[in-house]
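*Asks:* Just the structure for this:
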Amino acid sequence: MELDEIFNYNKLDKNLPIPLYYQIKQMILEAIKKEKIVVGDMIPTELDLCERCKVSRPTVRQAISELVSEGYLYRLKGKGTFVAKPKIQAMFLNKLLSFNEEMNIKGLTPSTKVLDLKVVADNPSINSLLNLSERDKLIYLERVRYANDEPIVYLKTYIPYEPYSDLLNQDFVHNSLYAMLEDIYNKRVTRVHRKIEAVNATRKEAELLEISKGDAISRVRTLAYTKDDETIEYSIAKYRGDRNEFSVELYR
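*Replies:* Next comes the predicted model:
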């Protein structure tokens with residue numbers, strides 16, 4: 001397909017009060033949303049866009065930079081700028097769902113790799129969060145969660161060993177923790193408290209998430225509670241920054 005058929009250059013209007021960089025941004029975005037260009041396709045170079053749009057290079061660069069920062073495009077040094085995979089719109093800041101439930105709603109196939117499942121002790125800071133004594137044992141569960149076979153989140157979970165010791169015998173590859181807590185112990189997670197912050201991936205996190213060391217990831221720490229206000233779980237999740245975004249809906 002010719003570039004003129006992909007990008008509607010004729011829509012650019014210097015007489016409009018809308019900034020030209022924004023018009024170019026919307027032109028590229030429209031081509032992506034209408035699937036005239038798809039994941040992995042390279043867009044025209046900055047110079048080519050300057051010539052076709054008859055604008056300055058900083059104008060084009062601002063349009064492309066915003067699309068890169070918003071996750072629609074990505075740059076490869078020395079090669080060009082390409083259409084990125086759409087980010088997964090994480091719902092867990094708005095709705096209490098398990099990872100499997102959320103991926104299924106989005107039409108993605110969830111899967112899990114269990115890295116470790118064991119009893120641990122001597123974690124006074126975590127025990128305090130779970131309202132346990134310093135010497136109480138914990139169940140430690142370490143996993144990588146996938147969507148369509150792509151690693152999305154690296155997760156460490158801590159659960160009181162007593163009275164949930166039977167979880168050590170359960171299948172976390174095919175089953176949800178929250179579902180098992182409800183089915184086995186009649187303990188339903190009814191609310192959670194989450195803290196989210198941006199951090200850089202360590203070497204181990206980068207290897208597990210198939211990204212580069214130092215890449216941006218979102219660290220989400222969660223405390224989960226039952227309807228009786230029992231603190232039943234503490235988890236630390238590391239989400240890939242390039243494949244996830246989080247939104248919050250507020251009402252007055």
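
*Asks:* Next, the distance between the ends of stretch 164-184.
*Replies:* 9 Å (C-alpha to C-alpha, to the nearest Å).

*Asks:* Would you check the distance separating that stretch from the middle of the chain?
*Replies:* Averaged C-alpha coordinates place stretch 164-184 at 24 Å from its chain's average position (C-alpha atoms, centre = their mean, to the nearest Å).

*Asks:* repeat for stretch 196-213
*Replies:* 12 Å.

*Asks:* try stretch 158-168
*Replies:* That offset, for stretch 158-168, works out to 28 Å (C-alpha atoms, centre = their mean).

*Asks:* Give me the residues contacting it.
*Replies:* For stretch 158-168, the external contacting residues (C-beta atoms under 8 Å, 6 or more residues apart in numbering) are 117-120, 123, 126, 130, 132, 136-141, 177, 180-181, 184-185, 232-235. Using the backbone N, CA and C atoms, a C-beta is placed for each residue, glycine as well.

*Asks:* From these, list just the buried residues.
*Replies:* 117, 123, 126, 130, 132, 136-141, 177, 180-181, 232-235 (16 or more other C-beta atoms under 10 Å).

*Asks:* What strands flank the helix or strand hosting Leu155, and is each parallel or antiparallel?
*Replies:* Secondary structure from DSSP states H and E places Leu155 in strand 150-160. Sheet pairing here is set by DSSP bridges, and for strand 150-160 it gives strand 138-147 (antiparallel), strand 231-240 (antiparallel).

*Asks:* Tabulate these (TSV), appending mean pLDDT and distance to Val83.
*Replies:* Putting the strands paired with strand 150-160 into TSV (pLDDT from 0 to 100; distance: least, C-beta to C-beta, whole Å) gives the following:
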stretch	mean pLDDT	distance to Val83
strand 138-147	94	19
strand 231-240	93	18
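
*Asks:* quick one: which of the ones you listed is nearest Asp13?
*Replies:* Asp13 sits nearest to strand 231-240 of all these, at 38.6 Å, using C-beta to C-beta.

*Asks:* Touching the closest one from outside, list them.
*Replies:* Residues outside strand 231-240 that contact it (C-beta under 8 Å, 6+ apart): 90, 126, 129-131, 151-160, 164, 177, 181, 187, 189, 199, 201, 205, 209, 211, 215, 217-226.

*Asks:* what's the closest of the strands paired with strand 150-160 to Phe82?
*Replies:* strand 231-240 (17.6 Å).

*Asks:* In the helix or strand just after the strand holding Leu155, which residues are buried?
*Replies:* Proceeding N to C from strand 150-160, the next assigned helix or strand is helix 161-164, under DSSP H and E. Buried residues in helix 161-164, counted by 16+ other C-beta under 10 Å: 161, 164.

*Asks:* what's the angle between the helix or strand following helix 161-164 and strand 231-240?
*Replies:* Counting by DSSP H and E, the element after helix 161-164 in chain order, helix or strand, is helix 177-185. Here the directions of helix 177-185 and strand 231-240 differ by 160 degrees (axes from the mean of the first three to the mean of the last three C-alpha atoms, to 10 degrees).
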